[in-house]
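1. Here you go, sequence then predicted model.
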Amino acid sequence: MKPELSIIVPTLNEAETLPLLLQDLISQQDVDFEVIVSDGGSTDATTEVAENFFLESPLAGTCLSAPRGRGRQLNAGTVIARAEWLLFLHADSRLAGQHQLQRALEFMQDHLRRTGKVAVAGRFALRFEPEPYGNNFALFYYETKARLGRAGCIHGDQGMLIRKTFFAQVGPFRQDLPVMEDTTLAEQVRNQGEWLLLPAEVFTSARRFASEGWRARQTLNALMMNFLAIGWLDFFARAPEIYQQQDKTKPLQLAPFFRLIDELLSVMSTRQRRSLWLATGAYVRSQAWQLGLALDCRKAYKKNAEHLQRAGPWLNWFDRWFDPLTNHRVGCAVTALLVRLWFARQIGRCP
């Protein structure tokens with residue numbers, strides 16, 4: 001019999017984290033599913049761990065080898081998936097309850113019955129497992145931003161639940177990017193359908209933020225989001241080489257990335273550079289609403305309140321006043337100049 005759900009997990013050297021997720025999956029009740037571990041050439045015991053789980057536990061699953069790259073691995077998993085519904089999960093994700101998958105499926109199916117809309121996908125509310133002495137306000141902010149689900153804020157660490165027929169329409173995952181294939185698929189879903197917030201949380205570790213440094217990690221994330229939004233993919237072709245040279249247990253070094261950007265800019269014509277900076281200014285200006293969200297989150301965090309479920313007063317102010325007052329060529333050009341000055345300062349600090 002075909003399962004109700006196919007869970008696809010891309011892996012690369014996840015021998016330590018994968019067993020925790022598989023154990024959570026074993027405990028799921030009242031839902032028939034299969035697990036597809038799509039490995040990109042792990043050099044540790046990841047594949048052995050997965051295969052042993054499938055042999056020695058009630059968990060039904062397959063471990064397949066795929067070309068390295070999360071997009072390629074996810075696409076390879078969908079090829080052999082047998083269920084009508086697909087759930088893409090990261091290997092370091094944790095589930096919150098024994099009926100989480102069953103309730104998520106029922107939520108989506110009920111929405112389809114009530115509305116008749118088939119162009120929908122679901123994602124879980126994100127919850128970080130905090131590290132000792134970590135930046136708990138930053139965690140609260142990122143969790144809130146993910147729950148609001150604005151453009152560019154839905155990523156694979158929330159999990160993605162989607163019908164195979166709709167995935168065929170918005171997919172497959174991009175294979176020309178080493179990262180952010182999940183972000184591009186999320187925006188395809190947004191453009192052609194609707195995202196729903198599932199009634200459960202998925203947990204993920206904040207260890208990477210803590211070890212690499214909050215400011216450095218978010219600065220690099222912001223750079224990548226900008227380059228993806230403006231379509232400057234040259235950065236993505238070279239950046240993985242730099243990242244792989246760094247020890248993931250130590251603070252992330254941004255200087256090599258800034259030098260790479262400067263190098264790539266140096267071979268562009270003056271017109272190309274001007275166009276790139278103006279596109280960057282337009283994108284950064286469009287993201288100013290995150291300052292309003294941060295102010296709303298700060299107020300809620302100090303009061304030990306729950307995550308915001310809708311825009312607060314500061315975010316509403318940015319949406320109502322700041323965005324329309326700055327959304328023009330002058331506003332984008334001024335923002336581009338400010339970003340250019342910031343970048344020149346970062347280059348000046350590079351050793």
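-> Thanks, I have the structure now.

2. Could I get the contacting residues of the closest residue to T144 other than its chain neighbours?
-> Excluding the flanking residues, the one nearest T144 by CB to CB, 6 or more residues apart in numbering is H307, at 4.6 Å. Heads up, the C-betas are built off the backbone N, CA and C, glycines and all. The contact partners of H307, by CB atoms under 8 Å, 6 or more residues apart in numbering, come to A125, F140, E143, T144, R147, A300.

3. again, 6 Å this time
-> E143, T144, R147 (CB atoms under 6 Å, 6 or more residues apart in numbering).

4. next one: G281
-> Listed by CB under 6 Å, 6+ apart, the contact set of G281 reads C332, T335, A336.

5. That one in helix, strand or coil?
-> Classification of G281 by DSSP: H, G, I helix; E, B strand; the rest coil places it in helix.

6. What distance do you get for it to C332?
-> 4 Å (CB to CB, to the nearest Å).

7. Dump the C-alpha coordinates for stretch 329-337 into PDB.
-> Extracted C-alpha coordinates of stretch 329-337, given in PDB (Å, rounded to 0.1, in the frame of the first residue of the first chain):
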ATOM      1  CA  ARG A 329      14.400  55.800  -7.400                       C
ATOM      2  CA  VAL A 330      15.700  58.400  -5.000                       C
ATOM      3  CA  GLY A 331      14.900  56.100  -2.000                       C
ATOM      4  CA  CYS A 332      16.700  53.200  -3.600                       C
ATOM      5  CA  ALA A 333      19.600  55.300  -4.700                       C
ATOM      6  CA  VAL A 334      20.100  56.700  -1.200                       C
ATOM      7  CA  THR A 335      20.000  53.200   0.300                       C
ATOM      8  CA  ALA A 336      22.500  52.000  -2.300                       C
ATOM      9  CA  LEU A 337      24.900  54.700  -1.300                       C
END
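
8. residues in contact with that stretch?
-> Stretch 329-337 is contacted from outside by W277, L278, T280, G281, A282, V284, R285, using CB under 6 Å, 6+ apart.

9. Quote the end-to-end distance of stretch 80-95.
-> End-to-end distance for stretch 80-95, by CA to CA, to the nearest Å: 24 Å.

10. Let me see the domain layout of this structure.
-> Under the assignment automatic domain parsing, the domains of the chain span 5-209, 213-349.

11. picking up where we left off before, do you know how far the residue nearest to T144 is from L148?
-> As judged by CB to CB, H307 and L148 stand 9 Å apart.

12. Over to T115?
-> Separation of T115 from L148 (CB to CB): 21 Å.

13. returning to what we had before: looks to me like the residue nearest to T144 is in a helix.
-> No: counting by three-state DSSP, H307 falls outside a helix, being coil.

14. Next, it: phi, psi?
-> Per-residue torsions, H307: phi -60, psi 150 (degrees, to the nearest 10).

15. For the nearest residue to G156 once chain neighbours are set aside, identify the helix or strand it belongs to.
-> Closest residue in space to G156, ignoring its immediate chain neighbours: D182 at 3.3 Å, by CB to CB, 6+ apart. Per DSSP states H and E, D182 falls inside helix 181-192.

16. Tell me where the stretch 1-150 of the chain has helices.
-> With helices called from DSSP state H, counting those that start in this stretch, the stretch 1-150 of the chain shows them at 18-26, 46-56, 70-80, 100-115, 136-148.
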